[in-house]
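In: Coordinates only, no sequence provided:
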């Protein structure tokens, strides 16, 4: 949902931003929950074709900024990938 909202806002504001949502414990290829799809449809954003993706080193290397949803997510990420320290924010 966050990826859909940020990409929608960036597009409407002509900002050169491309966000990608990935998870520390995500399963590759999962669909968004039906409730999430419905909520996003209600605000005019289609996430129905989104697929979950597990975080990996390639994604982290390409990222300029990494935003986490919780302090624990940040700490877990830094524990596994310490080289991204300067670009991870909670």
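Out: Cool, the structure landed. Just so you know, these numbers come straight off a predicted model, no measurement behind them.

In: What is the neighbour count of the nearest residue in space to residue 56 that is not next to it in sequence?
Out: Distances taken as C-beta to C-beta, 6 or more residues apart in numbering place residue 22 nearest to residue 56, at 7.8 Å, with adjacent residues excluded. C-beta: built from backbone N, CA, C; applies to glycine. Residue 22 sits with 16 neighbouring residues when counted by other C-beta atoms under 10 Å.

In: Contact partners for residue 22?
Out: Contact analysis of residue 22 by C-beta atoms under 8 Å, 6 or more residues apart in numbering lists 53-56, 59.

In: Can you give me the distance of it to residue 89?
Out: Note on residue 22: its distance to residue 89, by C-beta to C-beta, to the nearest Å, is 15 Å.

In: Also residue 40?
Out: 24 Å.

In: quick one: which of the two has more around it?
Out: residue 40 (19 against 9).

In: which parts of whichever strand or helix holds that one are buried?
Out: Counting by DSSP states H and E, the element that carries residue 40 is helix 34-42. For helix 34-42, the neighbour count (16 or more other C-beta atoms under 10 Å) marks 37, 40 as buried.

In: Check the offset of it from the chain's centre.
Out: Computed by C-alpha atoms, centre = their mean, to the nearest Å, the separation of helix 34-42 from the middle of its chain amounts to 17 Å.

In: and the following helix or strand past that helix, how far out from the chain's middle?
Out: As assigned by DSSP H and E, the chain's next helix or strand after helix 34-42 is helix 57-62. With C-alpha atoms, centre = their mean as the basis, helix 57-62 stands 13 Å off its chain's centre.

In: now helix 57-62: mean pLDDT?
Out: Helix 57-62 comes out with an average pLDDT of 95.

In: Show me what the very next helix or strand once past it packs onto, helices and strands only.
Out: Moving toward the C-terminus from helix 57-62, the next helix or strand (DSSP H and E) is strand 66-67. Counting contacts by 3 or more C-beta pairs under 8 Å, 6 or more residues apart in numbering; DSSP states H and E, strand 66-67 packs against strand 88-89.

In: Thanks again, I'm all set now.
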